[in-house]
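Novice: The sequence and its predicted three-dimensional model are supplied below.
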Amino acid sequence: DAGVTQSPTHLIKTRGQHVTLRCSPISGHKSVSWYQQVLGQGPQFIFQYYEKEERGRGNFPDRFSARQFPNYSSELNVNALLLGDSALYLCASSAVQGKDGYTFGSGTRLTVV
Amino acid sequence: QQQVKQSPQSLIVQKGGISIINCAYENTAFDYFPWYQQFPGKGPALLIAIRPDVSEKKEGRFTISFNKSAKQFSLHIMDSQPGDSATYFCAAANSGGYQKVTFGIGTKLQVIP
């Protein structure tokens, strides 16, 4: 039984470029959340999507956007990359919005040079 | 603004000893308090969680103690093993509406033989 899968696992981008990160939730999970984890820190909430609608947004600039598809997979997009965007980007899924028990993927390690 | 404060940031414990990690929160709307374990290169994995209507929850060698009036909670790892060496995050969430999880800064635990 597959867990939360994220792609790619590692990525190197140049400042100013755009990046798209992808997430496939656990089968049957309709809620997907995105978190940014900077080295040495706890994950920080970016977005939550449930039933293809944005349900929550963290304190991140408009350069960050996301969407959820009819199959509940999700994309996180970051425009105009900055060096400070270098981090591990985590996707988490849960069965029902507002319920506990998130399952995290292994993340995408983004390095901006 | 750190809504969940976690200490210590690093901890070294001998095999067989007790590891104790402490957390404090500010937002009284939080009603779900999970602990996550993260190994290098992996996403956080839910270890154990508690709701404020109980003061203690035990699962195997892991125990959460919760003090609602003091807005503090802690993780105790009994009979610590080298395989427990990881980074531990306390977290808090408000399960009403969408569930944004707020993480502490993390505690890097090293269990030495």
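Specialist: That came through, no problem.
Novice: When you work out contacts or count neighbours from here on, use the C-alpha atoms and nothing else.
Specialist: Will do.
Novice: Counting neighbours, what do you get for B:Ile12?
Specialist: Residues within reach of B:Ile12, counting by other C-alpha atoms under 10 Å in any protein chain shown, total 13.
Novice: Quick check: bridge partners of it?
Specialist: B:Ile12 has these beta-bridge partners by DSSP bridges: B:Gln110.
Novice: That one contacts B:Pro113, correct?
Specialist: No. Under the contact definition of C-alpha atoms under 8 Å, B:Ile12 does not touch B:Pro113, with a separation of 10.8 Å.
Novice: hey, what's in contact with both of the two?
Specialist: Listed contacts common to B:Ile12 and B:Pro113 are nil; contacts here mean C-alpha atoms under 8 Å, 6 or more residues apart in numbering or on different chains.
Novice: Those residues of chain A touching chain B, which are they?
Specialist: A:40-45, A:48, A:55-56, A:90, A:97-107 (C-alpha under 8 Å from any C-alpha of the partner chain).
Novice: show me where chain B has helices.
Specialist: Using DSSP state H, no helices are found in chain B.
Novice: low-scoring stretches of it, by residue?
Specialist: Per-residue confidence for chain B (pLDDT under 70) gives these ranges: B:1-2, B:96-99.
Novice: The same query, at a cut-off of 80, please.
Specialist: Low-confidence segments of chain B, defined by pLDDT under 80: B:1-2, B:95-99.
Novice: which parts of it sit against chain A?
Specialist: B:32, B:41-46, B:89, B:95-106.
Novice: Run a quick neighbour tally on residue 113.
Specialist: Unless you meant another one, I'm taking chain A. By other C-alpha under 10 Å, the residues close to A:Val113 number 14.
Novice: hmm, I had chain B in mind actually
Specialist: 10.
Novice: From B:Lys15, how far off is it?
Specialist: The gap separating B:Pro113 from B:Lys15 is 5 Å, by C-alpha to C-alpha, to the nearest Å.
Novice: so what's in contact with those two at the same time?
Specialist: B:Gln81, B:Pro82.
Novice: Give me the subset of the residues of chain A next to chain B lying in strands.
Specialist: Among the residues of chain A next to chain B, the members found in strands (DSSP state E) are A:Gln44, A:Phe45, A:Gln48, A:Arg55, A:Gly56, A:Leu90, A:Thr103, A:Phe104.
Novice: mind listing the strands for chain B?
Specialist: Using DSSP E, strands in chain B cover B:4-7, B:10-14, B:19-25, B:33-38, B:45-50, B:56-59, B:62-67, B:72-77, B:86-93, B:101-103, B:107-112.
Novice: between the third one and strand B:86-93, how many degrees?
Specialist: Between the axis of strand B:19-25 and that of strand B:86-93 there is an angle of 30 degrees, by axes from the mean of the first three to the mean of the last three C-alpha atoms, to 10 degrees.
Novice: just checking, what packs against strand B:19-25?
Specialist: strand B:4-7, strand B:72-77 (3 or more C-alpha pairs under 8 Å, 6 or more residues apart in numbering or on different chains; DSSP states H and E).
Novice: distance between the first one and the chain's centre?
Specialist: What it means is strand B:4-7. Averaged C-alpha coordinates place strand B:4-7 at 9 Å from its chain's average position (C-alpha atoms, centre = their mean, to the nearest Å).
Novice: Show residues contacting that strand.
Specialist: Outside strand B:4-7, the residues touching it (C-alpha under 8 Å, 6+ apart) are B:21-26, B:89-92, B:102-107.
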